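>>> only geometry, no sequence info:
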């Protein structure tokens, strides 16, 4: 029966060294040479069977891709360049080495699209469900990182694509907005940014709290994805789906102005706190819903 | 019911910024300023319920400590200084926020002992078992990292403590040998090093393969822990426990010589491949057993 170390030998054969990666997977830790001009950004994100994907419905390669792409999307949120990733995988007992390879090939394919090598990892099998964790390193590479904390009274609020209903499939297949984020941030006019993983209402709330500001949304301006319309059958309106579904992985950002063709104005930052939405001649408070794990 | 973001607020209140950590948890990624004189070492390691700990037997704080300490031990293996960690936790549904806090406090306590802050994380709940993943960043800080690949024909093989039977408790309570590893590596005489997580036979095999050498062990010199003797009841000799049990988290290293009082010679590196052991006037081959996940 093939074991962990056969798999690690296979993984190691996939590794390359580079100017950045002096020694990749195959030792206790990878060794990188970090350029002093670059800020180092680091974070971690996991995908879990039954929460972020369904191992009965989704193939291992697409699960691997999603695990990496969620982290690449975090790099987009900060406008940094993905540089290297380490990966831990907890496999359900007896899924087989081919399944493990497919997971890894999905992770690698997603990373390769952004020149982000996997430089280390940990693979285990257990009497539990499939769980993948990716930790990512990003570099500033000439562009100041954009945080959630800079939104200012009077800024416009933008998104980079239509929202809602990602559960119909886009939550597995999205493309991280790294290049777009870098382009926007390079203009120097972006005051705050986040990627839409938890949902517009929840992620905008994160920005408002971090920046100490309020937000007012214009319902008619929010770009609603056709998937949100398709999901109307559950009794919630397409707008509710766009506000709360999450896993859109578009960028949400604030700026005094922005004329990039992908930037869609959906509201305005004000003083105070909380989120309100104007729909026709009605104004109401939007409570952050979206995705939250209850503990 | 308290949710993920209340917990994150609590976590964020525990964070500090520093010269290294310009912006800690609370954004999409943490922002660090890395000194160019330092190599950046990075790796990831997970602990899983039913494999690395038993959530019915072990309290959450000791589980958190183990998750961090395994990664700190990887830093010891490379002789680097732990600098920052990111953590993902998959909580079984409904374990409660107090349980999550205890896990985190265990992680933090272990990191604090080595001035290694937790700068980011991801917390989720799921209909699965408890899983913790830690990714760690280490810095060379004036000492060249030691890999598995430098062992040379004629080197002596050393360990830093007695082995076997860690399952009786030490696998949860070990202290990572970071300072000792740094002291040994600073001498410049260490040719290869690894921490004993998978077991002496398996980890020595890693070193032999990476270095392209063979090893000969002297059974009488291998320091056997009293726990290995206590576990003799399972029918395996204390020596077998010392060779194969794993999770000792002592250092295994090779050097032409070493007079550090914690360094115990257990054998010698030769040319060729494989591991043999001399016991009395008998010589036999040691097959790497120890811990391996079957896929």
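Nice, thanks for sending it over. Because the structure is a prediction, the values reported are computed rather than measured. Numbers count the residues shown, from 1 in each chain, chains lettered A, B, ... in the order given.

>>> I'd assumed residue A:102 was in contact with residue A:59.
Yes: in this structure, residue A:59 is within contact of residue A:102 by Cβ atoms under 8 Å, at 7.0 Å. Yep, even glycine has a C-beta here, placed from its N, CA and C like the rest.

>>> Between these two, point out the one with more neighbours.
residue A:102 (18 against 15; other Cβ atoms under 10 Å in any protein chain shown).

>>> can you count the residues close to residue A:101?
By the measure other Cβ under 10 Å, the count of residues near residue A:101 is 18.

>>> Give me the buried positions along whatever helix or strand it lives in.
Following DSSP states H and E, one finds residue A:101 within helix A:97-112. Neighbour counts over helix A:97-112 (16 or more other Cβ atoms under 10 Å in any protein chain shown) mark A:97, A:99-108, A:110-111 as buried.

>>> Specify which member of the residues you listed is nearest to chain B.
residue A:97 (4.5 Å; Cβ to the nearest Cβ).

>>> Let me know the pLDDT of that closest one.
Residue A:97 carries a pLDDT score of 89 in this model.

>>> my guess is it contacts residue A:7, does it?
Yes: Residue A:97 lies in contact with residue A:7 (Cβ under 8 Å); the separation is 5.7 Å.

>>> Let me know the helix or strand that the residue of the stretch 51-200 of chain A found nearest chain B is in.
At 3.3 Å from chain B, residue A:135 is the closest residue in the stretch 51-200 of chain A, using Cβ to the nearest Cβ. Using DSSP H and E, residue A:135 maps to strand A:131-139.

>>> quick one on the thing from earlier: just want the angle from the helix or strand following the helix holding residue A:101 to strand B:131-139.
Using DSSP H and E, the helix or strand that follows helix A:97-112 towards the C-terminus is strand A:118-126. Counting by axes from the mean of the first three to the mean of the last three Cα atoms, to 10 degrees, strand A:118-126 points 150 degrees away from the direction of strand B:131-139.

>>> next one: strand A:118-126 to chain centre, how far?
Distance of strand A:118-126 from its chain centroid, counting by Cα atoms, centre = their mean, to the nearest Å, is 21 Å.

>>> Please identify the buried residues of stretch A:209-221?
By 16+ other Cβ under 10 Å, the buried positions in stretch A:209-221 come out as A:209, A:210, A:211, A:213, A:214, A:215, A:216, A:217, A:219.

>>> Contacts (any at all) between chain B and it?
Yes: Stretch A:209-221 lies within reach of chain B by Cβ under 8 Å from any Cβ of the partner chain, at residue A:210.

>>> same check, this time on stretch A:28-38
Yes: Stretch A:28-38 comes into contact with chain B (Cβ under 8 Å from any Cβ), by way of A:28, A:29, A:30, A:31, A:32, A:33, A:34, A:35, A:36, A:38.

>>> Look at the residue lying closest to residue A:145 once chain neighbours are set aside and say how many residues are nearby.
Residue nearest to residue A:145 in three dimensions, not counting chain neighbours: residue A:78, with 4.7 Å by Cβ to Cβ, 6 or more residues apart in numbering or on different chains. By other Cβ under 10 Å, the residues close to residue A:78 number 29.

>>> likewise residue A:284?
When counting by other Cβ under 10 Å, one arrives at 11 neighbours for residue A:284.

>>> one step back: can you narrow the buried residues of helix A:97-112 down to the ones near chain B?
For chain B, the contacts drawn from the buried residues of helix A:97-112 by Cβ under 8 Å from any Cβ are A:97, A:100.

>>> Tell me the one of the buried residues of helix A:97-112 nearest residue B:11?
Proximity of the buried residues of helix A:97-112 to residue B:11 was ranked by Cβ to Cβ; the top entry is residue A:107 with 26.5 Å.

>>> dump the residue contacts of that closest one.
A:64, A:65, A:67, A:68, A:85, A:87, A:118, A:132, A:134 (Cβ atoms under 8 Å, 6 or more residues apart in numbering or on different chains).

>>> most surrounded residue in those residues?
residue A:134 (34 neighbours).

>>> how about the nearest residue to the residue of the stretch 51-200 of chain A closest to chain B, chain neighbours excluded?
For residue A:135, ignoring the flanking residues on the chain, the nearest one in space by Cβ to Cβ, 6+ apart is residue B:135 at 3.3 Å.

>>> Point out where chain A drops to low pLDDT.
A:1-5, A:25, A:290-295 (pLDDT under 70).

>>> now for the top strand by length along it, which elements pack on it?
Taking DSSP state E as the assignment, the strand of chain A that covers the most residues is strand A:81-92. Here strand A:81-92 touches strand A:30-32, helix A:60-78, helix A:97-112, strand A:118-126, strand A:131-139, helix A:178-186, strand B:40-48, strand B:131-139, going by 3 or more Cβ pairs under 8 Å, 6 or more residues apart in numbering or on different chains; DSSP states H and E.

>>> if we go to 6 Å?
Counting contacts by 3 or more Cβ pairs under 6 Å, 6 or more residues apart in numbering or on different chains; DSSP states H and E, strand A:81-92 is packed against helix A:97-112, strand A:118-126, strand A:131-139, strand B:40-48, strand B:131-139.

>>> want to try a markdown table for the ones you listed, with distance to residue B:289 as columns?
Shown next, in a markdown table, are the helices and strands packed on strand A:81-92 (distance: least, Cβ to Cβ, whole Å):
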| stretch | distance to residue B:289 |
| --- | --- |
| helix A:97-112 | 20 |
| strand A:118-126 | 17 |
| strand A:131-139 | 27 |
| strand B:40-48 | 20 |
| strand B:131-139 | 25 |
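
>>> Nearest to residue B:231 among the ones you listed would be which one?
Using Cβ to Cβ and comparing the helices and strands packed on strand A:81-92, the one that lies nearest residue B:231 is strand B:40-48, at 21.6 Å.

>>> Residues contacting the closest one, please?
Applying Cβ atoms under 6 Å, 6 or more residues apart in numbering or on different chains, the external contacts of strand B:40-48 come out as A:29-32, A:34, A:86, A:88, A:90, A:120, A:122, A:124, A:126, A:135, B:53, B:66-67, B:70-71, B:74, B:78, B:80, B:131-133, B:135-138.

>>> Identify the bridge partners of the closest residue to residue A:121 other than its chain neighbours.
Leaving aside its sequence neighbours, residue A:121 sits nearest to residue A:87 (Cβ to Cβ, 6+ apart; 4.3 Å). Following DSSP bridges, residue A:87 is listed with bridge partners residue A:121, residue A:134.

>>> that older thread, in JSON lines: the buried residues of helix A:97-112, plus distance to residue B:159.
Shown next, in JSON lines, are the buried residues of helix A:97-112 (distance: Cβ to Cβ, whole Å):
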{"residue": "A:97", "distance to residue B:159": "32"}
{"residue": "A:99", "distance to residue B:159": "36"}
{"residue": "A:100", "distance to residue B:159": "32"}
{"residue": "A:101", "distance to residue B:159": "35"}
{"residue": "A:102", "distance to residue B:159": "39"}
{"residue": "A:103", "distance to residue B:159": "35"}
{"residue": "A:104", "distance to residue B:159": "33"}
{"residue": "A:105", "distance to residue B:159": "38"}
{"residue": "A:106", "distance to residue B:159": "39"}
{"residue": "A:107", "distance to residue B:159": "35"}
{"residue": "A:108", "distance to residue B:159": "36"}
{"residue": "A:110", "distance to residue B:159": "41"}
{"residue": "A:111", "distance to residue B:159": "37"}
